[in-house]
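**Student:** Give me coordinates for this.
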Amino acid sequence: MKTISKEFIEKAREIMDRSKVVFVKDFCKELNIDGYTLRQLYQYGIHAYGKTKCGYCGRAFFLRASSRATKFCCPEHKKLYFQKHRAKTKVSICEHCGKEFRQYSFRNCRFCSPQCAGLHRRKQKDEL
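**Tutor:** So this is what the prediction gives:
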């Protein structure tokens with residue numbers, strides 16, 4: 001187990017204080033660390049959080065370090081945003097279950113969920 005020096009912890013805190021938004025990828029790149037070291041920094045109270053605004057209401061909220069870049073503060077606002085911007089979406093049919101689902105027009109998803117994609121891959125694998 002690698003130990004973390006006090007200087008390294010101070011440098012990490014300095015980066016957190018200097019930046020308004022600190023994303024995990026940029027934080028790790030600047031400190032030249034891997035995920036294991038980042039988890040060790042959590043023990044010292046240093047978390048790579050990002051602050052962003054909701055795409056629907058504009059309210060500021062914090063992203064967790066483990067989450068992807070979320071654009072909405074809650075699932076309800078995501079749903080309301082998609083209802084308001086239906087022109088940007090298209091209806092597609094899942095190749096596995098046949099269910100209709102909406103997606104952005106620039107995306108080309110074949111499945112309605114990651115679960116359907118996984119089941120489809122397993123089915124293809126079993127057929128081989």
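
**Student:** Helix or strand with the lowest mean pLDDT in this structure?
**Tutor:** Ranked by mean pLDDT, DSSP states H and E, the weakest helix or strand in the chain is strand 60-63, scoring a mean of 68.

**Student:** Next secondary structure after it?
**Tutor:** Per DSSP states H and E, the first helix or strand lying C-terminal to strand 60-63 is helix 75-84.

**Student:** Going by residue numbers, what spans are strands in the protein?
**Tutor:** Per DSSP state E, the chain carries strands over the ranges 50-53, 60-63, 89-93, 100-104.

**Student:** In CSV, list those strands along with mean neighbour count and distance to H77.
**Tutor:** Where C-beta positions appear, they are placed from N, C-alpha and C, glycine not excepted. As requested, the strands of the chain are exported to CSV (neighbours: other Cβ atoms under 10 Å; distance: least, Cβ to Cβ, whole Å):
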stretch, mean neighbour count, distance to H77
strand 50-53, 15, 11
strand 60-63, 14, 10
strand 89-93, 13, 16
strand 100-104, 13, 16
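
**Student:** any low-confidence regions in this protein?
**Tutor:** Counting by pLDDT under 70, the chain contains low-confidence ranges at 1-2, 16-25, 27, 35, 42, 44-51, 61-69.

**Student:** Quick check: can you list the domain ranges of it?
**Tutor:** Partitioning the chain according to automatic domain parsing yields domains covering residues 6-63, 85-127.

**Student:** mind putting the ones you listed in a markdown table, distance to F72 included?
**Tutor:** What follows is the domains of the chain, written out as a markdown table (distance: least, Cβ to Cβ, whole Å):
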| stretch | distance to F72 |
| --- | --- |
| domain 6-63 | 5 |
| domain 85-127 | 12 |
